[in-house]
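Enquirer: following is a predicted model, sequence given first.
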Amino acid sequence: MLLQCEDLVVRYGLIEAVRGVSFAVEEGQIVALIGANGAGKTSTLRALSGLLRKAGGRVTFRGQDITRAPSHRIVHLGLVQVPEGRAIVATMSVQENLELGAYTRPRRDAPAVRAEIARLYERFPALALRRRVLASSLSGGEQQMLAIARGLLSRPTLLLLDEPSLGLAPRLVREVMRIVSEIRAGGTTVLLVEQNARQALALADRAYVLEQGQVTLQGSGREILADPGIVRAYLGVAPAAEDGRG
């Protein structure tokens, strides 16, 4: 088991956003966390990566207890988050944003970093064409590709992706999901929070449905996706309507 989250609690003041969430991620899987807005998905990811204080519960990663570990330590261990909204540095170039993704790596890794950036430019040719321009000039889809590429330069064992298709046109949503599948095929485990539930469930080996800060359902992605009643009850939309989202 790569990641084990047990009875996680996250609070914002007196408001309990995550209430005893438990789930596991096995190495080599894509695991999806899905649910309506405000269900606690992003809060869960931010707590796992050390960006939010955990008010309760226990998290282990690669056999180590990281419940109280600071975010920089968690990144060094190989758990890396690509945040909702991309969080690229708009005033830096595409190349500089990519180099920033490798900031945790030792200086002796510089040749390897350059080689990895070259490979990422091959994977994302739109970024290669614009490597010297400011990241603020990229389209929404290009910014998402940059955010994912930057995360990969931290050499994650487990990549946390928070709403990677948010605000993108359907064609770009499909492209992002293809990239997520390729990331897993390349040996990186993925924990995916995604508002486009049908796309996420189609990819996921395992899925957990969150509702009001709690896990209310779990199973394989295809099991959950195959049951129209479950989709309607736990995601708040009929399966047919979901196709037009994203």
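Expert: Looks like it arrived, so ask away.
Enquirer: only C-alpha atoms for contact and neighbour calcs from this point on.
Expert: Noted.
Enquirer: just want the most central residue of the chain.
Expert: The residue at the geometric middle of the chain, judged as the C-alpha nearest the mean C-alpha position with C-alpha atoms, centre = their mean, is Leu161 (1.0 Å).
Enquirer: quick check: phi and psi on that one?
Expert: Note on Leu161: backbone dihedrals following degrees, to the nearest 10 are phi -110, psi 120.
Enquirer: isn't it right next to Thr189, touching?
Expert: No: at 10.7 Å, Leu161 and Thr189 do not qualify as touching, with contact defined as C-alpha atoms under 8 Å.
Enquirer: ok, what's across the strand from the residue nearest to the centre of the chain?
Expert: Beta-bridge pairing of Leu161 under DSSP bridges involves Val82, Leu192.
Enquirer: who's in contact with it?
Expert: Residues in contact with Leu161 (C-alpha atoms under 8 Å, 6 or more residues apart in numbering) are Gln81, Val82, Pro83, Glu84, Val190, Leu191, Leu192, Val193.
Enquirer: between those residues, which is closest to Arg150?
Expert: For the contacts of Leu161, the closest approach to Arg150 (C-alpha to C-alpha) belongs to Val82, at 8.3 Å.
Enquirer: next one: that closest one from Ile74, what distance?
Expert: Separation of Val82 from Ile74 (C-alpha to C-alpha, to the nearest Å): 14 Å.
Enquirer: those two: who's more crowded?
Expert: The neighbour comparison of Val82 against Ile74 (other C-alpha atoms under 10 Å) goes to Val82, with 23 against 18.
Enquirer: wouldn't the more buried one be in contact with Leu152 here?
Expert: No: here Val82 does not reach Leu152: they are 9.1 Å apart, not a contact under C-alpha under 8 Å.
Enquirer: what's the overlap in contacts for these two?
Expert: Between them, Val82 and Leu152 have Leu159 as joint contacts when contacts are counted by C-alpha under 8 Å, 6+ apart.
Enquirer: for the protein, which helix is longest?
Expert: In the chain, ranked by residue count with DSSP state H as the criterion, the top helix is helix 170-185.
Enquirer: for it, buried residues please.
Expert: By neighbour count, and taking 16 or more other C-alpha atoms under 10 Å as the criterion, the buried residues in helix 170-185 are Leu172, Val173, Val176, Met177, Ile179, Val180, Ser181, Ile183, Arg184.
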